[in-house]
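Asker: what's the 3D shape of this:
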Amino acid sequence: MAAYGYLAYKLLTFDGYSDFAGHFRSAGWQQYMFLAIAISLYPLNIFFESCKWRFLLRHIEPMSLAQAQRQTYYGAMGAFLTPGRLGDYPTRVTMLRHKEHWLSAISLGFAGTFALSSLQIMLGLPAAISTLGVKWYVYIIGVFFLICFFMSPFICRHIPTENIKTDKLKSAIEVIGGISIRDMAVLIGLSALRYTVYCSQLACVMWCSGVNLSVGDMITAILAFYLFVTITPSLPAADVGIRGSWAIIVFSHFTDNIAAIAMAVVLLWVVNSVLPMLTGSVISRLQVSRSTNKID
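Answerer: Residues are numbered from 1 along each chain as shown. Below is the predicted model:
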């Protein structure tokens, strides 16, 4: 109810509907094609995240890809109303069969998120340096994040768990410590595929909205944009404003079409935040119905 209420509030207070209507009244088939591509990539985005979730949990709770996708969609409801999407994994794990695996699964989920964030920072920093004149030595930050990612299992393996009284916390540390170099390489690979989908969606909605940049400029701007979005804490239900601000700052170096930039960010927010939340609510309803039928 809270998620739907806040969504209704955002839609009612949005004042750019006239710009949307005016643009799409004069849009050609190319613009609609780009929008269709962005929407069609949304299930692929969830698919790669589901593959990563299934891979991470394969040792503690094996599941089918269909189950992983249902849990990923369901987690979008928790992510929608929590800062930095922190509620994603705690919501997902409520669909697991065994409660004792919840903390370990959440820990593994955040390890997967850290892989994506490290990748976004590593690729985004060079783009930010060339676009906004950020000093080159800040690239060390990206290297630091990547090193931390690869070192985290090693660090967890050397934490003395015998002094930890909570069995669930001890299990979570041991699970992270069991991640191998090969596992981390797979996580980076799956994160790269999902990041490619993110970038393709943003490029499509930008072209759809009338931001006509070359492919090279578009890639540079998108990588810099996702860098700043990654390092800025936000609430997915409200981050359309934060993303819009960053998009205007970054993309305005290439174009003066501010209205089109803002419109593209709103479209992307609907595709990647609103649609998963709506799908997750449907899945939760189906889950409750199945549980009720089993009890009956």
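
Asker: can you report how many residues lie near Leu65?
Answerer: 12 (other C-beta atoms under 10 Å). Placement of C-beta: from N, CA and C, glycine included.

Asker: now swap in Ser191 and tell me
Answerer: By the measure other C-beta under 10 Å, the count of residues near Ser191 is 22.

Asker: same deal with Gly87?
Answerer: Summarising burial for Gly87: neighbours were counted as other C-beta under 10 Å, giving 18.

Asker: what distance do you get for it to Asp256?
Answerer: Distance from Gly87 to Asp256, counting by C-beta to C-beta, to the nearest Å: 38 Å.

Asker: and if you look at Gly124?
Answerer: Noted for Gly124: a distance of 23 Å to Asp256, by C-beta to C-beta.

Asker: low-confidence stretches in the chain?
Answerer: The model of the chain has pLDDT under 70 over residues 1-27, 84, 132-143, 145-146, 148-150, 152-153, 155-175, 233-241, 284-296.

Asker: in it, which spans are helices?
Answerer: Secondary structure of the chain (DSSP state H): helices at 2-13, 17-26, 29-56, 65-80, 88-92, 102-132, 139-157, 167-177, 181-209, 215-230, 239-251, 258-269, 275-295.

Asker: show residues contacting the fourth one.
Answerer: Pointing back at helix 65-80 there. Residues outside helix 65-80 that contact it (C-beta atoms under 8 Å, 6 or more residues apart in numbering) are 3, 6, 46-47, 49-51, 53-54, 57, 63, 85-96, 236-237, 273, 276-277, 279-281, 283-284, 287.

Asker: buried sites along stretch 35-46?
Answerer: Neighbour counts using 16 or more other C-beta atoms under 10 Å place Leu35, Ile37, Ala38, Ile39, Leu41, Tyr42, Asn45, Ile46 of stretch 35-46 among the buried residues.

Asker: now the last one: closest residue in space that isn't a chain neighbour?
Answerer: For Ile46, ignoring the flanking residues on the chain, the nearest one in space by C-beta to C-beta, 6 or more residues apart in numbering is Thr72 at 5.5 Å.
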